[in-house]
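Q: For reference, the sequence and a predicted model appear below.
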Amino acid sequence: QVQLVESGGGSVQAGGSLKLSCVASGYIFTKCEMGWYRQAPGKGRELVSTINSDGTTRYADSVKGRFTISQDNAKNTVYLQMNSLKPEDTAMYYCKIIVGSCNKGYQYWGQGTQVTVSS
């Protein structure tokens, strides 16, 4: 079993910054990727950013140029630096890990951390 613990959420004004962290623990023999997703009230969960084990990243168009994902493989930790935050970034942010291969791996989710951006 794998556990994910997110931290770093909070309330900020528009234009501010936050840095999210997610630590994965448990039996992680290898991983495909870690990433961040978010869900705003009344909306579905959407991809924010992911990073592969080789460092390849992808971002949602809405956050490109403002958010930066990074990882510490030795600590099984992924970070999300969020700058120039906007009210529309308000959501619950979830961390996800795919353990094993990318096409046959197992995915695990964290409990989420709330980000609230006021105008």
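A: Great, that's in hand. Numbers count the residues shown, from 1 in each chain.

Q: only C-alpha atoms for contact and neighbour calcs from this point on.
A: OK.

Q: What is the burial count for S119?
A: For S119, the neighbour count with other Cα atoms under 10 Å is 10.

Q: Leaving out sequence neighbours, find the closest residue to it.
A: Nearest residue to S119 in three dimensions, chain neighbours excluded: A14, at 5.3 Å (Cα to Cα, 6 or more residues apart in numbering).

Q: can you pull the contacts of that neighbour?
A: By Cα atoms under 8 Å, 6 or more residues apart in numbering, the contact list for A14 reads 84-87, 117-119.

Q: V63 is in contact with V48, correct?
A: Yes: look at V48 against V63 with Cα atoms under 8 Å: they come within range, at 7.1 Å.

Q: So between these two, which is more surrounded?
A: V48 (24 against 17).

Q: so what's the more buried one up against?
A: 35-38, 59-60, 63.

Q: try 7 Å this time
A: 36-38, 59-60 (Cα atoms under 7 Å, 6 or more residues apart in numbering).

Q: Quick one: residues contacting the residue lying closest to S118 once chain neighbours are set aside.
A: Leaving aside its sequence neighbours, S118 sits nearest to Q13 (Cα to Cα, 6+ apart; 4.7 Å). Residues counted as contacts of Q13 (Cα under 7 Å, 6+ apart) are 117-119.

Q: Quick check: beta-bridge partners of the spatially most central residue of the chain?
A: Centroid check for the chain by Cα atoms, centre = their mean gives W36 as the closest residue, at 2.2 Å. For W36, the beta-bridge partners under DSSP bridges are S49, C95.

Q: ok, the contacts of Q13 vs L20, which is closest?
A: Of all the contacts of Q13, L20 sits closest to V117, with 14.2 Å by Cα to Cα.

Q: Would you mind naming the helix or strand containing the closest one?
A: strand 113-118 (DSSP states H and E).

Q: where in the protein is pLDDT low?
A: Along the chain, no part satisfies pLDDT under 70.

Q: Tell me where it has strands.
A: 2-7, 10-13, 18-26, 31-39, 46-52, 57-59, 67-72, 77-82, 91-99, 106-109, 113-118 (DSSP state E).

Q: Now do the buried residues in the first one.
A: Judged by neighbour count (16 or more other Cα atoms under 10 Å), strand 2-7 contains these buried residues: 3-7.
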